[in-house]
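*Asks:* Requesting a structural model of the entry that follows:
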Amino acid sequence: MLNTVVSSINSWIIQVRKVKAIYYTLNKFKKTETGLLHAEGWCPKCQLNDVDRALKRGATSAGSATQPVLNTVTTKRTPPTYHQTNKLTSGYQAIIDAYGVASYQEINPAIFTIITFPFLFGIMFGDIGHGLIMFLAGLYLVVKEGYFSKRLKSFEEIFLMMFHGRYIIMMNGLFAVYAGLLYNDIFAKSLNIFGTSWNAALVGPEKINLEGHYGLDPWPYGEQYSGHPYFFGIDPFWNLASNKLTFINSYKMKLAVILGLTQMTFGLILSYYNYRFKGKKLDIYCTFIPQMIFLQCLIGYLVFMIFYKWFAINARSEAQPSLLICLINMFLNFAGEIEPENHLFPMQRYIQAALVVIAVICIPWMFGAKPLIEHLYPRVRQASYEQFENDDEEEEEHEEHSTMDMMVHQGIETIEFTLGCISNTASYLRLWALSLAHAELSEVLWDMVMKAGLGMNINKYVNPIALVVAFAFWACLTVAILIVMEGLSAFLHALRLHWVEFQNKFYQGEGHLFAPFSFARMLNGDDDEQ
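*Replies:* Numbering: from 1, shown residues only. Reported below is the predicted structural model:
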């Protein structure tokens, strides 16, 4: 008797939970005067026909003489947010939902995060070897997902996190390989795939230091340097240069600023589409336009100087301006004379003064234009309201505010954006910092462990054993430190860049998810009310 109960108790528990969930849901129905049940709920438009067929099929199987009726009801309540995802996109959607669920009909950042997140991760984690290992690990979990899905309850929580994020791991590894090709970096070494543009034989012994490194100077063309850049990525000859770190640092730092401006500008463009879709013309003219102008006058000008210096300034130019000093002097030395060492292009003094004036004008434009127009023209204020009302009738979402309250709110937004233009740009320098740290740790690990094993010369019996031990030690440290720990660090920093620097330009995240009735959610404990 007890053996029978033990073998059946799990199925009984499941049946009881299902019946309880059904009756719990039925209790939300209202009984009409004719004895029929009436209920209202949310349903995606694309699945209305499926719901209608399911209701009719249920009525037929139950032998009911009354056919169910499905009608679309117009309401001012805020609908829940529904995102249709698959195995690849669900992980990135979970990243966005952890920050905040998108408001109804708000642009979903997950669409762009599928590409931008692994790309920024790859910029910080760029290494062909490390990225390939991560890609293969994620690919293995993807290929074996059917096997692991049947045994999820037997694994630890850490493995479950990796399994649920298997597509993220695979994509991060793939983009890390791409960035590693850009950096031409594989386990702290370089690949000469397309042929170096430098002629080592012509560099000369006076250019070689005691460690066998070259001091590279691309002038004049046609001698040590051919004048033709490496086809893709960084020339492998830079791996032997004594000024390698100076060159790579400058390259990655400028790349981080360019990528930061690109993503922040894209975020502002998405805010424009949010405003236009909701009919908020006042926000377009009083928020989007001044914010875009302010950002481009400061950070956009900095990126312009980066590109101009790349194209117009060479190693033998008379002036070697510091871009950071040029940007600071825009404000501290307003409309003043440009020092010869910081001179970039003609009319630089007047162009910088004009950009500062335009940026300063944008501040009161962002701060006072919207509250003033709403105060003078009350009807315009309605265009700033949301399309739907709150579910809770006791709380009024659009209560009246005084002009002073609106100015305080707009002032906070203005201060946050103006200061954020500088701080967010500086925050993108983490792309350079983590990439530098990853490359240097990889180089130190190779020199201290693997290179020592390769250079060991005791005897023909000990050398192979020492090399195997050194390789095993190097491989373990590579996986533990450079892939797992550095990978987690790059993941968290990429998460921060998307949540703070990117999404705060356009994303509100004040919605709530669509949670339909589901036995699977109830049995997994996702629906607490059941």
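
*Asks:* Next secondary structure after the lengthiest helix in the chain?
*Replies:* As assigned by DSSP state H, the longest helix anywhere in the chain is helix 244-277. Moving toward the C-terminus from helix 244-277, the next helix or strand (DSSP states H and E) is helix 281-283.

*Asks:* mind checking how far the longest helix of the chain is from the chain centre?
*Replies:* 12 Å (C-alpha atoms, centre = their mean, to the nearest Å).

*Asks:* Stretch 448-459 now?
*Replies:* Relative to the mean C-alpha coordinate of its chain, stretch 448-459 is positioned 41 Å out (C-alpha atoms, centre = their mean).

*Asks:* Can you mark which positions in it are buried?
*Replies:* By 16 or more other C-beta atoms under 10 Å, the buried positions in stretch 448-459 come out as 449-450, 453. The C-beta positions use only the backbone N, C-alpha and C, and glycine is treated the same way.

*Asks:* Also stretch 413-426?
*Replies:* By neighbour count on 16+ other C-beta under 10 Å, the buried set for stretch 413-426 is 414, 417-418, 420-421, 424-425.

*Asks:* likewise stretch 180-190?
*Replies:* Buried residues in stretch 180-190, counted by 16+ other C-beta under 10 Å: 180-188, 190.

*Asks:* Next: stretch 126-144.
*Replies:* Applying 16+ other C-beta under 10 Å to stretch 126-144 flags 126-135, 137-139, 141 as buried.

*Asks:* In CSV, list these along with distance to residue 431 and pLDDT.
*Replies:* Formatted as CSV, the buried residues of stretch 126-144 follow (distance: C-beta to C-beta, whole Å; pLDDT from 0 to 100):
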residue, distance to residue 431, pLDDT
126, 10, 91
127, 14, 93
128, 18, 95
129, 20, 94
130, 16, 95
131, 15, 95
132, 21, 96
133, 21, 95
134, 18, 95
135, 20, 96
137, 23, 94
138, 22, 94
139, 25, 95
141, 27, 93
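
*Asks:* taking these one by one, which sit in helices?
*Replies:* Using DSSP H, 128-135, 137-139, 141 are the members of those that sit in helices.

*Asks:* ok, residue 38 touching residue 68?
*Replies:* No. The pair residue 38 / residue 68 is not scored as a contact, 10.8 Å apart, by C-beta atoms under 8 Å.

*Asks:* Show me the contact partners of stretch 247-266.
*Replies:* Identification of contacts with stretch 247-266 by C-beta atoms under 8 Å, 6 or more residues apart in numbering yields 112, 116, 120, 123, 183, 216, 234, 238, 241, 292, 295-296, 299-300, 302-303, 306, 421, 424-425, 427-432, 435-436, 439, 497, 501-502, 505.

*Asks:* From these, list just the buried residues.
*Replies:* The neighbour-count test (16+ other C-beta under 10 Å) marks 112, 116, 120, 123, 183, 216, 234, 238, 241, 292, 295-296, 299-300, 302-303, 306, 421, 424-425, 427-428, 430-432, 435-436, 439, 497, 501-502, 505 as buried among the contacts of stretch 247-266.

*Asks:* still on that earlier bit, more crowded one of residue 38 and residue 68?
*Replies:* Higher neighbour count among residue 38 and residue 68: residue 68, with 15 against 10, using other C-beta atoms under 10 Å.

*Asks:* Against residue 152, how distant is the closest residue in space to that one that isn't next to it in sequence?
*Replies:* With sequence-adjacent residues excluded and distances taken as C-beta to C-beta, 6 or more residues apart in numbering, residue 68 is closest to residue 55, at 4.0 Å. Distance of residue 55 to residue 152, computed by C-beta to C-beta, to the nearest Å: 33 Å.

*Asks:* more neighbours, the two?
*Replies:* More crowded of residue 55 and residue 152, by other C-beta under 10 Å: residue 55, with 14 against 11.

*Asks:* In which helix or strand does the nearest residue to residue 67 once chain neighbours are set aside reside?
*Replies:* Leaving aside its chain neighbours, residue 67 sits nearest to residue 59 (6.0 Å; criterion: C-beta to C-beta, 6+ apart). Counting by DSSP H and E, the element that carries residue 59 is helix 48-62.

*Asks:* Count the residues that sit near residue 147.
*Replies:* 9.

*Asks:* Name the SS class of it, please.
*Replies:* helix (DSSP: H, G, I helix; E, B strand; the rest coil).

*Asks:* do you know how far it is from residue 162?
*Replies:* Distance of residue 147 to residue 162, computed by C-beta to C-beta: 15 Å.

*Asks:* same thing with residue 124?
*Replies:* From residue 124 to residue 162 the distance is 19 Å (C-beta to C-beta).

*Asks:* Sounds good, over and out.
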